[in-house]
Structures are given as C-alpha cells and as structure tokens.
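# can you look at this prediction? I've put the sequence above it.
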Amino acid sequence: MTDLTTTYLGLTLRNPVVASAGPLSQTVAGVRSLADGGVGAVVMYSLFEEQLRREAEATAALEDLYDDSHAEALSYFPSIPRSAEDASASYLRLVEEAAGAIDVPLIASLNGASIGGWTKTARRLADAGAAAIELNIYFVPGDISMNGAMVEERHLAILGAVKEAVDIPVAVKMSPYFSSVGNMALRLDASGADGLVLFNRFLQPDIDLDRLSVESGVTLSSPAEARLPRTWISVLRGQVEASLAATTGVDTSDDVIKYILAGADVVMTTSSLIRRGPAYAQVLVEGLAQWLAAKGLTLSRARGLLAVPDEASADAYEREGYVSALEKAKSTYGSLR
C-alpha cells in the first residue's frame, strides 16, 4: 500500500487531496460526505468580511436604541432581524459540529479585503475547533490610483492581524496578479504565513449582448487553468518555508500528479467533486497511488521532482521554456494553410 501521508500547515493528512472551499461544505452532512469521500482535509466555504461588518453594525444600532440603564432590554427582543449575526453564528456552529464529526482536519475560510475588526473572528473560529484558517484576501483594486505597493501592504497587514489573533496555522490564498508574484510569496512567507494557496480565481463577468448587461457568475475550473499555478509552484518549491497548496484546474488524478511533480504539498479541488460527487476524491487518491507505484516512486520523492532546479536561474529557466514553446508552435502550426 502506497503511503500518501502528507504534512500541510504542520498538520498530518492521510493524503494530499484536499476539498477546497466551496458549496459542498455548507452543512455538517456535506462536510462529512467530503471526509468520507476520502480527502485528506476539508476547507469550509468562506465567511465574508461583509457579513461580519453588518453584524457589528446591527449590534451597534441596537445598542444605540437603549442607554446603559436599559441594556438588559436587548435580551427581550429576540425577534429583531439580525441576519448577519445569524450567518456568523451559524458558521461558528457549523465549524464546531463538523470538526467533531470528521476524522480529518477542518480548515475554516475567512474572506475579506480591508483592514478591520473582522479579522478577530479568526480567534472564534479557532476556539470553535478549526484546525487552521485559510485567509482568502479577495481584493481587486478598482481604484486605479492605488499603486502596487499599497495593495501588497494591505495583504501583509491583514495577514498580520489574523496571525496576531490565533495560534493555529494560517494559509493565504494568493492572487496571481501581483507585479511580482514570487516576491509577494516571499514577503507573505516572511510575515508568518504557514501556507500559500495558489491561486485565487477572481470573478470575471461576461456581457449579455441581448440584454446589454453585465452578467456575473461562477464557472467551474478546467485543467487548462492549472498551468499558471503549477508554474509558480515549481518556482517557489524550496524557496519558502510555507506549505504550498495547489488549487484550480483539477479534474482527474493526472492533474493531481502534475501538481505534486511541480512541488505542491497538497492539491485542492472543488470543481471535480461538484461534477462527480464527494466520493470522487477516492478516485483521485487511488489514481495518485497507482501512478506512484507504477513509477516506483514514493510521494516525497515525486513531490517537486519537476520543480525549477535549485541551481537554475528561474528567470532563464522560464524564458527557455517560453522560447521552446514558441518554436514548437511554429513547427506545429506554421505549415497549416
């Protein structure tokens, strides 16, 4: 039996296939089905900064209705709608119940883009039983006067606030759009990130030509999208202390294997589990195990086998690959008329 035991964020996982944040983890039954399906860990769906901010605003508004002498009156109005608080409370309750219902680590997900008190919720998630926090900093600087340094500093400040609040591991789900992805990874690593998740998929709306409107929506990822995170994982392997998690573009066990060869510690997927069901995780795991056995490799030997060599110049290595790809394209398609 091939040993697939993996370390991620300092946690011991039975295998490197992880259920990423998504709609399948919205209930205890859903989380349990992912664990029973064979994954090594489960990342819960995200709790959003906006939900936490509305909760704080609702609480402040209620407190303004009553002076200190009538503070007890707040407890007599349970029917006052507080949907944001309900979202927060239900998420914390789900973490507590789901963590006790599965035998693999449960990782909570916090999604935000600004510096503020919402980051303190990480402490409550840890207390509820989360084994780690995945920090999804979903920030698209629509203000075009904001320069790259300001965007980077915001990410580092948010990470610092969460790290200060908890003593459990914290992973950062990175964007692929920094001017220097590698340098930002180094800075996050130096600032205490226990893991880097490559990469976040930003919403890219389409245009409806009939309605003349912008249409929002989320599409499931495809294997072609794995090339970008795989490239950067191969560069960062051995360059950072943080664990490296791959996400996006996982459809078959081949995609898992490619990420492992590039240097990923774990490979996350939601799209494949939505398409085929939570039990498909076991197919991914078994496919990885069978490939390793066929090649006579251990997981640790395979991991990073095709990463950028330590002695190579990453710039020259990537440039050489670029030139080779263009030469191949010219020979393949140049004769087509």
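Nice, I can see it.
# what about the residue lying closest to Arg32 once chain neighbours are set aside, distance to Pro23?
Excluding the flanking residues, the one nearest Arg32 by C-beta to C-beta, 6 or more residues apart in numbering is Ala101, at 5.3 Å. (C-beta placed from N, C-alpha, C; glycine too.) According to C-beta to C-beta, to the nearest Å, Ala101 stands 18 Å off from Pro23.
# neighbour-wise, which of the two wins?
Each of Ala101 and Pro23 has its neighbours counted (other C-beta atoms under 10 Å); Ala101 has more, 13 against 10.
# for that one, what are its contacts?
By C-beta atoms under 8 Å, 6 or more residues apart in numbering, Ala101 lies in contact with Val28, Val31, Arg32.
# how about the residues you listed in TSV, adding neighbour count and secondary structure?
Listed next are the contacts of Ala101 as TSV, based on neighbours: other C-beta atoms under 10 Å; DSSP: H, G, I helix; E, B strand; the rest coil:
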residue	neighbour count	secondary structure
Val28	17	helix
Val31	26	helix
Arg32	18	helix
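# closest to Ser90 among these?
Val28 (11.2 Å; C-beta to C-beta).
# re earlier: and which of the contacts of Ala101 is nearest Val214?
Val31 (34.0 Å).
# now that closest one: closest residue in space that isn't a chain neighbour?
In space, and not counting its chain neighbours, Val31 is closest to Ala98: 4.1 Å by C-beta to C-beta, 6+ apart.
# verify the contact between that neighbour and Leu34 for me.
No. The pair Ala98 / Leu34 is not scored as a contact, 9.6 Å apart, by C-beta atoms under 8 Å.
# about what we covered before: could you give the mean pLDDT of whichever strand or helix holds the residue nearest to Val31?
If you go by DSSP states H and E, Ala98 is part of helix 83-99. What helix 83-99 shows for mean pLDDT is 83.
# let the chain start at 41 from now.
All right, first residue 41 from here; so that's helix 123-139.
# helices or strands up against whichever helix or strand comes after that helix?
Downstream of helix 123-139, the next assigned helix or strand under DSSP H and E is strand 146-152. Packing contacts for strand 146-152, counted by 3 or more C-beta pairs under 8 Å, 6 or more residues apart in numbering; DSSP states H and E, involve strand 81-88, helix 89-105, helix 123-139, helix 161-168, strand 172-177.
# just the C-alpha atoms of strand 146-152, please, in PDB.
Extracted in PDB, the C-alpha atoms of strand 146-152 (Å, rounded to 0.1, in the frame of the first residue of the first chain):
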ATOM      1  CA  LEU A 146     -11.300  21.000   9.200                       C
ATOM      2  CA  ILE A 147      -9.900  24.400   7.900                       C
ATOM      3  CA  ALA A 148     -12.100  27.500   8.200                       C
ATOM      4  CA  SER A 149     -12.100  30.100   5.500                       C
ATOM      5  CA  LEU A 150     -12.200  33.900   6.100                       C
ATOM      6  CA  ASN A 151     -12.800  36.100   3.000                       C
ATOM      7  CA  GLY A 152     -12.000  39.800   3.200                       C
END
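# mind listing what Leu345 touches?
When contacts are counted by C-beta under 8 Å, 6+ apart, Leu345 touches Leu301, Leu337.
# again, but for Val71
Per C-beta under 8 Å, 6+ apart, neighbours of Val71: Ser65, Val82, Met84, Leu134, Ala138, Ala141, Ile142, Leu146.
# re the thing from before, closest one to Ala266 out of the contacts of Ala141, please.
Of the contacts of Ala141, the one sitting nearest to Ala266 (C-beta to C-beta) turns out to be Val71, at 25.2 Å.
# measure that closest one to Ile142 for me?
Here Val71 is placed at a distance of 6 Å from Ile142 (C-beta to C-beta).
# which residues do these two both contact?
Looking at what touches both Val71 and Ile142 (by C-beta under 8 Å, 6+ apart), the common residues are Val82.
# not counting sequence-adjacent ones, nearest residue to Ala153?
Leaving aside its sequence neighbours, Ala153 sits nearest to Phe179 (C-beta to C-beta, 6+ apart; 3.9 Å).
# test my guess that that neighbour contacts Ala197.
No. If you go by C-beta under 8 Å, Phe179 and Ala197 don't touch, sitting 11.4 Å apart.
# those two: which is more packed in?
Per other C-beta under 10 Å, whichever of Phe179 and Ala197 has more neighbours is Phe179, with 17 against 14.
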